[in-house]
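Colleague: Give me coordinates for this.
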Amino acid sequence: MQPTGYVQGILRRNRNTFCGTIYNPNDKINNSIDEKTQDFLKNYMKKNIAIFIPIDSKYPNFILQLYEVEKYYNQRIVIKFDDWSSNIIIPSGHFFQKLGKCLDIPVENEIILYEHNVDINPFSKKIIDSMPNEDVEFKCPPEELKKRMDLRDMPVCSIDPPGCKDIDDALHALILPNGNYQLGVHIADVSHYVKAGSVVDKIAAKNCNTIYLVHKRTDMLPKVLTENLCSLVGKKERLAFSVLWEFDKDNLEIKNVKYGKSVIKSMAALTYEQAQNILNDKNDNSKMAISIKILDLITKDLKRRRMEDGALILSSNSMKFNLDNETNTITDISEYKTFQTNSLVEECMLLANVWVAKKIYQSYPSCAILRRHPPPKEKELNNFIQILKERGFDLKASNNLELNNSLDNIKKEGDPFFNKLVRTLLTRTMNQAKYFPSCEFSYEEFYHYGLAMEIYTHFTSPIRRYSDILVHRLLSAALENDYLPMELTNKIKMNKECTQMNRQNRVGFFCGQDSNYFSAFTFFKEHEKDKKKYEIVIHNIDDNFIRGMSVEYGIEGNLDFAKIGGIESVDSILKTFKLKNGDKLALFDHIICEIVTTFLNYRYEIKYFYIMKKQ
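Modeller: Residues are numbered from 1 along each chain as shown. Have a look, this model is predicted:
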């Protein structure tokens, strides 16, 4: 017998503020309200009663009282939920805030943050006053220097994307007197400035991370820390937390490791491309060039070992948006270009995260803050394997090593994009990696599936991630540099904090995703008149929608077949469909489309209008 039930009451609503736009009955182009709302308008509409259309289509339209309603047409506003009476078909709310004109870039960015409940308020005067002066020129005090490793003469440099201001990490490598190599990872000592229980710490614990949008970022910490005192800029003394390894010169095995607080003075803040140019220059024998070349030698071997252990190489739609600094508009979109130095930095960060995880777990086995990644979702993975099998591709996935090796063999003749598409779609079968206190799982469950690591944490980005600040405090206590804050030993509190960090981590991901989509929308809207043709791959066929991905940009959108008469039939099991013009299409087919932007119901959307199947 099927269990049944009914809603007896609502304990807590998920949200009570909504962003959107007031319905304008004179705007026939952008309005297409549902039948329920139309009936309501006919029967109940009164003076000063307005219809509010949320930007998120998951939510129903609202009614609210609004005087001089015309002032709010084509404007983004925020309303607060009031009630949903049983005798009215749509909920009611009240006006809270006007944000600005629809599709204005600053306004839409603010909405992205609002919709994901990101705190967009500036840091309070109390927090700013608790920080060091913004104009301070830092010089390590003699008493502080006595407590730290003095690494100011090391060939340290940072390697980051162009324009990076919040520089968390820096690196160095050199040849030791015994001929072995030393590799050093130096991370901004944020916990020196952000003390447990302080006002700024409480705000950071709530927000958990910096949110990066295409046009802006919202900092987890005040700017005096993110861009000044904690940013490992070139030619400046900075406090750091360092991990130093000694690698055997012959087999590149790790001989020993040393942890400690330090003072560094980075020789330069390099971009990935600048570091790559130094790496490629065989005639450059400067201290920094030798350092980068040793780093490259070691990290290539580290990556090889990770791959042999089963680390996955997946793919994501990483896009680079070129901005006009004066107008803040998108001038071009391209695939994010990577260099060998990207991999070099990544391997150093992974190495530091693993060894710090080992150290804090060894010292505090019941309260270490770690990060685990469970195996993929079994049902979703098996469905994806079956889809590929039906098209002649054999994806094996009994473990991560077999999966990664198998991925290398998933190739389609004449379609170089296919392997990347498969890796991108495979990520959607994966579970999320999550933070957790070590007392919650057995050691075997610590495993990070994607990285093929037995134990892992986040240590290397304390300027933008609160988890790393907690790990710094654990490591500092493990090295007897500082006491362990009481809250880190409180299992209930740390469980809640890990839940908050996991939630905010996903918030940051979705904000970035939404920002990318809006930025792509503005770019294509501006260039729609060019009538450029784009190559699209069909990657999802369902009874309700068919979606494609741009080969050039990796941007997804719904496919529209209105220009050729529409769809005649869809087989969502075989993943095929037939158009009214006679064209037969299937999953992974390449087609030619026009990109069209729509703004129906004041919600922006990118659509692909079908023209023809690619020959």
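
Colleague: what about the strands in the stretch 201-350 of the chain?
Modeller: All strands of the stretch 201-350 of the chain, identified by DSSP state E, counting those that start in this stretch, fall at 211-212, 217-218, 237-247, 254-265, 268-271, 319-323, 330-335.

Colleague: pLDDT (mean, whole number) over the second one?
Modeller: With pLDDT averaged residue by residue, strand 217-218 scores 92.

Colleague: Quickly run through the sheet partners of that strand, with directions.
Modeller: Strand 217-218 pairs in its sheet with strand 211-212 (antiparallel), by DSSP bridges.

Colleague: Just the CA atoms of stretch 119-126, as PDB, please.
Modeller: Only the C-alpha atoms of stretch 119-126 are listed here, as PDB (Å, rounded to 0.1, in the frame of the first residue of the first chain):
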ATOM      1  CA  ASP A 119      25.800  38.700   2.100                       C
ATOM      2  CA  ILE A 120      26.400  41.800  -0.100                       C
ATOM      3  CA  ASN A 121      26.600  44.300   2.700                       C
ATOM      4  CA  PRO A 122      30.000  46.000   3.100                       C
ATOM      5  CA  PHE A 123      32.100  45.200   6.100                       C
ATOM      6  CA  SER A 124      30.900  47.200   9.100                       C
ATOM      7  CA  LYS A 125      32.900  50.100  10.700                       C
ATOM      8  CA  LYS A 126      33.500  47.900  13.700                       C
END
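
Colleague: Spatially, what comes nearest to Q504 if we skip its sequence neighbours?
Modeller: Residue nearest to Q504 in three dimensions, not counting chain neighbours: C208, with 3.6 Å by C-beta to C-beta, 6 or more residues apart in numbering. Backbone N, C-alpha and C define where each C-beta goes, glycine included.

Colleague: ok, that neighbour touching R464?
Modeller: No - here C208 does not reach R464: they are 9.7 Å apart, not a contact under C-beta atoms under 8 Å.

Colleague: ok, now how distant is P3 from I51?
Modeller: 38 Å (C-beta to C-beta, to the nearest Å).

Colleague: Settle it for me: which of the two has more neighbours?
Modeller: The neighbour comparison of P3 against I51 (other C-beta atoms under 10 Å) goes to I51, with 24 against 4.

Colleague: residues touching the residue nearest to F599 when sequence neighbours are not counted, list them.
Modeller: Using C-beta to C-beta, 6+ apart and skipping residues adjacent in sequence, the residue nearest F599 is N30, 5.5 Å away. Each residue near N30 by C-beta atoms under 8 Å, 6 or more residues apart in numbering is listed here: N24, F599, L600, N601, Y602.

Colleague: Out of the strands of the stretch 201-350 of the chain, which one sits most buried?
Modeller: strand 237-247 (a mean of 22; mean count of other C-beta atoms under 10 Å).

Colleague: out of the strands of the stretch 201-350 of the chain, nearest to M612?
Modeller: strand 330-335 (23.7 Å; C-beta to C-beta).

Colleague: CA atoms only: put the closest one into PDB for me.
Modeller: The C-alpha atoms that make up strand 330-335 are tabulated as PDB, following Å, rounded to 0.1, in the frame of the first residue of the first chain:
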ATOM      1  CA  ILE A 330      32.300  41.600 -22.600                       C
ATOM      2  CA  THR A 331      34.300  42.100 -25.800                       C
ATOM      3  CA  ASP A 332      35.100  38.400 -26.500                       C
ATOM      4  CA  ILE A 333      34.700  34.900 -25.100                       C
ATOM      5  CA  SER A 334      37.300  32.200 -25.500                       C
ATOM      6  CA  GLU A 335      38.200  28.900 -23.900                       C
END
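
Colleague: Which strands or helices does that strand pack on?
Modeller: When contacts are defined as 3 or more C-beta pairs under 8 Å, 6 or more residues apart in numbering; DSSP states H and E, strand 330-335 sits against strand 319-323, helix 491-527.

Colleague: Rebuild these as a markdown table, extending it with mean pLDDT.
Modeller: Converted to a markdown table, the helices and strands packed on strand 330-335 look like this (pLDDT from 0 to 100):
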| stretch | mean pLDDT |
| --- | --- |
| strand 319-323 | 83 |
| helix 491-527 | 94 |
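
Colleague: Tabulate these (TSV), appending distance to F577.
Modeller: Putting the helices and strands packed on strand 330-335 into TSV (distance: least, C-beta to C-beta, whole Å) gives the following:
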stretch	distance to F577
strand 319-323	28
helix 491-527	25
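
Colleague: Which among the strands of the stretch 201-350 of the chain is found nearest to E68?
Modeller: The stretch from the strands of the stretch 201-350 of the chain with the least distance to E68 (C-beta to C-beta) is strand 217-218; that distance is 32.5 Å.

Colleague: Identify the residues contacting the helix or strand just after the closest one?
Modeller: Note on strand 217-218: by DSSP states H and E, the next helix or strand toward the C-terminus is helix 223. Under the contact criterion C-beta under 8 Å, 6+ apart, helix 223 has outside partners E134.

Colleague: Show me which residues of stretch 488-496 are buried.
Modeller: Of the residues in stretch 488-496, those buried by neighbour count under the rule 16 or more other C-beta atoms under 10 Å are L488, M494.

Colleague: Stretch 332-345 too?
Modeller: So for stretch 332-345, counting by 16+ other C-beta under 10 Å, buried means I333, F339, T341, N342, S343, L344, V345.

Colleague: could you check the distance from the residue nearest the centre of the chain over to N516?
Modeller: By C-alpha atoms, centre = their mean, the mean C-alpha position of the chain lies nearest to F509, the distance being 3.5 Å. Taking C-beta to C-beta as the measure, F509 and N516 are separated by 11 Å.

Colleague: Check the gap between the closest residue to F339 other than its chain neighbours and L403 for me.
Modeller: In space, and not counting its chain neighbours, F339 is closest to Q276: 4.1 Å by C-beta to C-beta, 6+ apart. Look at Q276 and L403: by C-beta to C-beta, they are 30 Å apart.

Colleague: Ok, F247 next?
Modeller: Note on F247: its distance to L403, by C-beta to C-beta, is 29 Å.

Colleague: before we move on, back to that, can you tell me how far the residue nearest to the centre of the chain is from I595?
Modeller: Distance from F509 to I595, counting by C-beta to C-beta: 24 Å.

Colleague: So which helix or strand of this structure has the lowest pLDDT on average?
Modeller: Of all helical and strand segments in the chain, the minimum by mean pLDDT, DSSP states H and E falls on helix 35-44, at a mean of 66.

Colleague: what's the next secondary structure element after that helix?
Modeller: Using DSSP H and E, the helix or strand that follows helix 35-44 in sequence is strand 49-54.

Colleague: Quick one: neighbours of the residue nearest to Q504, just the number.
Modeller: Counted by other C-beta under 10 Å, the residues lying close to C208 total 23.

Colleague: give the contact list for the residue nearest to F339.
Modeller: Counting by C-beta under 8 Å, 6+ apart, Q276 has contacts F339, Q340, T341.

Colleague: Count the neighbours of the closest residue to G566 other than its chain neighbours for me.
Modeller: Leaving aside its sequence neighbours, G566 sits nearest to K580 (C-beta to C-beta, 6+ apart; 5.4 Å). Residues lying near K580 (other C-beta under 10 Å) number 12.

Colleague: Likewise for D135?
Modeller: Neighbour tally, D135, other C-beta under 10 Å: 7.

Colleague: Confirm it sits in a strand?
Modeller: No - going by DSSP: H, G, I helix; E, B strand; the rest coil, the assignment for D135 is coil, not a strand.

Colleague: Next one: it from K223, what distance?
Modeller: 12 Å.

Colleague: Which of the contacts of Q276 fall in helices?
Modeller: Q340, T341 (DSSP state H).

Colleague: ok, so of the contacts of Q276, who is nearest L470?
Modeller: So of those, ranked by how close each gets to L470 (C-beta to C-beta), first place is T341, at 29.3 Å.
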